[in-house]
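K.L.:
sequence first, then the predicted structure:
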Amino acid sequence: METLTNPFELLANIKWIWLFSLAVTFWNNSEIVMFTFMILFSLFIFYYLAVMLDTILVKRIHLLTKIKANPYLTNFETVIFFLVLTIYLTHSS
């Protein structure tokens with residue numbers, strides 16, 4: 001299953017930069033709820049970094065060995081993110 005959830009592919013997806021940019025935009029427009037959602041989604045970069053570091057380090061760090069790549073978590077995060085954006089776009093107009 002690791003071929004489908006390679007940590008390098010997760011990090012290559014720069015969605016978190018886009019999320020942070022959206023969060024700043026929502027903050028400037030005083031849309032606090034959407035700002036909070038975008039900040040929460042952009043925090044997934046720390047999960048992806050931990051999974052990637054656990055994969056590439058030769059000498060394992062004990063804390064990182066507890067974090068495993070989970071394709072269900074990644075897919076759930078992506079679906080919820082696009083669902084939140086779709087709901088926002090349909091109700092904002």
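P.N.:
Good, I have the coordinates.
K.L.:
tell me the secondary structure at residue 69.
P.N.:
For residue 69, the assignment made with DSSP: H, G, I helix; E, B strand; the rest coil gives coil.
K.L.:
quick one: residues contacting the most centrally placed residue in the chain.
P.N.:
By Cα atoms, centre = their mean, the chain has its centre lying nearest to residue 44, at 3.6 Å. Shown in contact with residue 44 (Cβ atoms under 8 Å, 6 or more residues apart in numbering): 16, 77. Backbone N, C-alpha and C define where each C-beta goes, glycine included.
K.L.:
same deal with residue 35?
P.N.:
Residue 35 neighbours (Cβ under 8 Å, 6+ apart): 23, 26-27.
K.L.:
can I get the CA coordinates of the helix or strand containing it in CSV?
P.N.:
Applying DSSP states H and E as the criterion places residue 35 in helix 32-42. Extracted in CSV, the C-alpha atoms of helix 32-42 (Å, rounded to 0.1, in the frame of the first residue of the first chain):
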residue,chain,number,x,y,z
ILE,A,32,-13.1,33.5,10.8
VAL,A,33,-14.8,30.1,10.3
MET,A,34,-13.2,29.5,7.0
PHE,A,35,-9.9,30.9,8.3
THR,A,36,-10.0,28.3,11.1
PHE,A,37,-10.8,25.5,8.6
MET,A,38,-7.9,26.4,6.4
ILE,A,39,-5.4,26.7,9.3
LEU,A,40,-6.5,23.3,10.5
PHE,A,41,-6.0,21.7,7.1
SER,A,42,-2.7,23.4,6.6
